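Asker: Show me the folded form of this:
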Amino acid sequence: MPLPNPNARSARLGLRATPEQEVVLRRAADVAHKSLTDFILDAACQAAEQTLLDQRLFLVSGSQHQALLDMLDRPERDNSGLADLFSRRPPWVKE
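Answerer: Numbers count the residues shown, from 1 in each chain. Predicted coordinates for the structure are as follows:
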C-alpha cells in the first residue's frame with residue numbers, strides 16, 4: 001500500500017483576474033517553465049513568507065545594533081507615563 005504524499009494538494013483556492021493579468025501570469029509561468037498553478041502558488045507563497053518575515057526580522061547596521069544593546073544595558077529610570085499606562089485596565093478585558 002503506497003504512503004500518502006505529504007505534498008499532495010488538497011486545499012482549493014479560487015481567484016479572479018482581469019484578462020490582462022491572466023496574460024501576464026501565463027507568459028511569466030511559461031518563461032519560468034512552470035504551470036500557471038505552480039507559478040501563482042510559488043509567487044504567492046514567496047510574498048506571504050516575506051510579509052511574515054517583515055513582521056519578525058529587523059535588519060540593522062552594526063552601529064544600530066550596538067546602540068540598542070547600550071540602551072538595554074542602561075539602568076532603568078522612572079517613567080510615570082508608562083506606570084500610568086500599565087496601571088489601567090486594558091480595553092479588551094471585561095469587568
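Asker: end-to-end on stretch 8-22?
Answerer: Taking Cα to Cα, to the nearest Å as the measure, stretch 8-22 stretches 25 Å from start to finish.
Asker: buried residues in it?
Answerer: Residues of stretch 8-22 classed as buried: none (neighbour count, 16 or more other Cβ atoms under 10 Å). Any C-beta I mention is one placed from the backbone N, CA and C, and that applies to glycine too.
Asker: do the same with stretch 53-61
Answerer: Neighbour counts over stretch 53-61 (16+ other Cβ under 10 Å) mark no residue as buried.
Asker: again with stretch 73-89
Answerer: In stretch 73-89, counting by 16+ other Cβ under 10 Å, buried: nothing.
Asker: Average pLDDT for it, rounded please.
Answerer: Mean pLDDT, stretch 73-89: 92.
Asker: Now do it: distance to the chain's middle.
Answerer: Stretch 73-89 has its C-alpha centroid displaced from the chain centroid by 31 Å (Cα atoms, centre = their mean, to the nearest Å).
Asker: what does stretch 24-34 give?
Answerer: 25 Å.
Asker: Ok, stretch 59-66 next?
Answerer: 22 Å.
Asker: what does it contact?
Answerer: Here stretch 59-66 makes contact (Cβ atoms under 8 Å, 6 or more residues apart in numbering) with L68.
Asker: Repeat that for stretch 23-35.
Answerer: With Cβ under 8 Å, 6+ apart, stretch 23-35 has contacts from 17, 36, 38-40, 42.
Asker: Just the CA trace of that stretch, in CSV.
Answerer: The C-alpha trace of stretch 23-35 is given here as CSV (Å, rounded to 0.1, in the frame of the first residue of the first chain):
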residue,chain,number,x,y,z
VAL,A,23,-1.9,37.1,-20.0
VAL,A,24,0.9,38.4,-17.8
LEU,A,25,0.7,35.4,-15.4
ARG,A,26,0.6,32.8,-18.2
ARG,A,27,3.6,34.4,-20.0
ALA,A,28,5.6,34.5,-16.8
ALA,A,29,4.7,30.9,-16.0
ASP,A,30,5.8,29.9,-19.5
VAL,A,31,9.1,31.7,-19.1
ALA,A,32,9.7,30.1,-15.7
HIS,A,33,8.8,26.7,-17.2
LYS,A,34,6.0,26.2,-14.7
SER,A,35,2.4,25.5,-14.8
